[in-house]
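Chemist: Make a model of this:
(one chain, ligands or ions: 1)
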Amino acid sequence: MSMYSDCIRRVRISPIQAMAERTRQAIRGGRDVVDLTLGEPDFPTPEHVCQAAVRAISEQQTKYTPINGTVELREAIARKFRRENALDVALDEISVGCGAKQVIFQALMATLRPGDEVVIPAPYWASYEDIVAVHDGVLKPVSTRLEDGFLMRPEALERALTPRTRWLVLNSPSNPSGAAYTAAQLAELADVIQRSAQRDFWILTDDIYEHILYDGLPFTTIAQLAPSLRERTLTVNGVSKAYAMTGWRVGYAAGPKALIAAMTKLQMQINSHTSSVSQAAARAALDGPQELVHSSCERFRQRRDLLQPRLDAIPGLRCPSPQGAFYLFPSVAGLLGRRTPDGTVLDDDIAVANHLLDRGVSVVPGTAFGMPGHLRLSYATSEAALVEAASRIRAAAEALQ
Ligand code: PLP
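Modeler: Prediction:
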């Protein structure tokens with residue numbers, strides 16, 4: 001008899017972590033590898049944020065806090081939603097957890113019943129698939145196309161909604177494609193939701209890449225755009241990507257009071273709350289100077305403009321220029337079926353990623369994000385590393401027969 005629960009069987013080993021681990025092993029073994037697997041800013045956390053944490057420690061802010069976060073942090077989050085998203089949110093409509101990941105996990109845990117469907121445009125952040133699976137939900141991916149900029153078309157959304165739909169997940173700008181919806185495109189999706197005969201589903205909008213948006217495209221989130229959907233929408237965000245604070249583990253969400261209460265009830269038995277010190281740091285990040293937010297976005301844009309044309313020019317690759325986040329998601333369809341110098345046939349994106357790792361560049365296969373035939377490359381790394389990676393990928397592609 002198995003000693004493990006069913007949910008363990010349903011969850012994959014994170015394909016991103018698996019590739020990151022293979023990369024670490026290769027590097028430990030003395031190989032020179034440019035690592036483009038990681039999804040975190042390479043800038044330091046701002047000094048004023050670190051100082052706020054030091055102050056919190058010396059002032060003994062080292063005890064349990066309310067489960068859904070300190071009042072001071074939730075007030076800062078409410079100010080953020082008002083300032084940046086024109087959303088008025090009460091303190092009991094806010095949840096704070098160990099990263100956006102925990103908040104999303106709890107939202108699905110609080111609401112999914114076996115067989116409930118979660119509609120997500122593909123490609124999608126790999127963790128959604130596993131979080132849905134843990135809770136015995138059924139992922140309903142909605143395919144998008146490179147030619148449409150990886151954006152979900154309203155008619156595709158309409159077809160995907162069924163009486164079993166419990167959640168629709170939106171993520172703009174997207175990990176892994178970088179695709180971002182304009183206000184008009186988002187309004188079309190909101191219109192489908194409002195007109196749909198299906199009413200018993202929630203909308204989760206994962207806005208974690210809100211501030212990494214290029215070319216003057218203004219950010220919009222669905223609760224702001226369609227106030228009538230507010231009572232069904234969980235707006236998720238966090239400090240990880242905007243303030244280079246991945247390790248501090250603070251994410252948050254605003255949503256209907258009853259949903260937030262259900263999520264908080266679960267969190268009470270999971271980890272109570274995220275660290276009191278991290279909460280003080282997150283408050284300083286949200287309330288303090290926003291220079292890093294703007295300067296890092298500009299740095300990421302320069303890196304996108306450095307790497308994207310180099311990849312797009314490699315025969316066999318098609319790499320559009322995304323509007324946000326810090327990933328490229330090229331198609332490698334033109335490399336499939338080709339043979340490496342040692343005779344391996346590149347059957348799929350996983351084989352292509354393995355070939356690139358042999359050639360000194362580590363990337364994540366698109367299969368991990370529900371879209372085979374692509375690769376995800378993170379450009380949250382130095383310009384020198386990106387130029388080197390592009391020339392290694394070109395050499396790897398040119399070495400194929
Ligand atoms: N949502 C998306 C789309 C992400 O890419 C990530 C991290 O990679 C997260 C959520 C999780 O962020 P956090 O560090 O706040 O848990």
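Chemist: so how far is stretch 63-83 from its chain's centroid?
Modeler: Distance, stretch centre to chain centre, for stretch 63-83: 22 Å (Cα atoms, centre = their mean, to the nearest Å).
Chemist: Do any residues in that stretch lie close to the ligand?
Modeler: No: judged by Cβ under 6 Å from any ligand atom, stretch 63-83 stays clear of the ligand, getting no closer than 13.3 Å. Just so you know, the C-beta spots here come from the backbone N, C-alpha and C atoms, and that holds for glycine as well.
Chemist: again, but for stretch 273-293
Modeler: No: residues of stretch 273-293 are not located near the ligand by Cβ under 6 Å from any ligand atom, the shortest gap being 10.2 Å.
Chemist: Send me that stretch as CSV with only the CA atoms.
Modeler: What follows is stretch 273-293, C-alpha atoms only, in CSV (Å, rounded to 0.1, in the frame of the first residue of the first chain):
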residue,chain,number,x,y,z
HIS,A,273,2.0,34.2,8.3
THR,A,274,5.1,35.3,6.5
SER,A,275,8.0,36.6,8.6
SER,A,276,7.3,39.8,10.6
VAL,A,277,10.6,41.2,9.4
SER,A,278,9.7,40.5,5.7
GLN,A,279,6.4,42.3,6.2
ALA,A,280,8.1,45.4,7.5
ALA,A,281,10.4,45.3,4.5
ALA,A,282,7.5,44.8,2.0
ARG,A,283,5.8,47.8,3.6
ALA,A,284,8.9,50.0,3.0
ALA,A,285,9.0,48.7,-0.6
LEU,A,286,5.4,49.6,-1.3
ASP,A,287,5.5,53.0,0.5
GLY,A,288,9.0,54.1,-0.3
PRO,A,289,10.9,55.5,-3.3
GLN,A,290,10.0,53.6,-6.5
GLU,A,291,13.2,54.2,-8.4
LEU,A,292,14.1,50.6,-8.7
VAL,A,293,10.8,49.8,-10.2
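Chemist: Of all the residues in that stretch, which ones are buried?
Modeler: For stretch 273-293, the neighbour count (16 or more other Cβ atoms under 10 Å) marks 273-288, 290, 292-293 as buried.
Chemist: Enumerate the residues of the stretch 101-250 of the chain near the ligand.
Modeler: So far as Cβ under 6 Å from any ligand atom goes, the stretch 101-250 of the chain lies against the ligand at Lys101, Trp125, Asn171, Asn175, Asp206, Ile208, Gly238, Ser240, Thr246.
Chemist: Out of those residues, name the ones that lie in helices.
Modeler: Members of these lying in helices (criterion: DSSP state H): Lys101.
Chemist: State the pair within the residues of the stretch 101-250 of the chain next to the ligand that is farthest apart.
Modeler: Farthest apart among those by Cβ to Cβ are Asn171 and Thr246. That separation is 17.0 Å.
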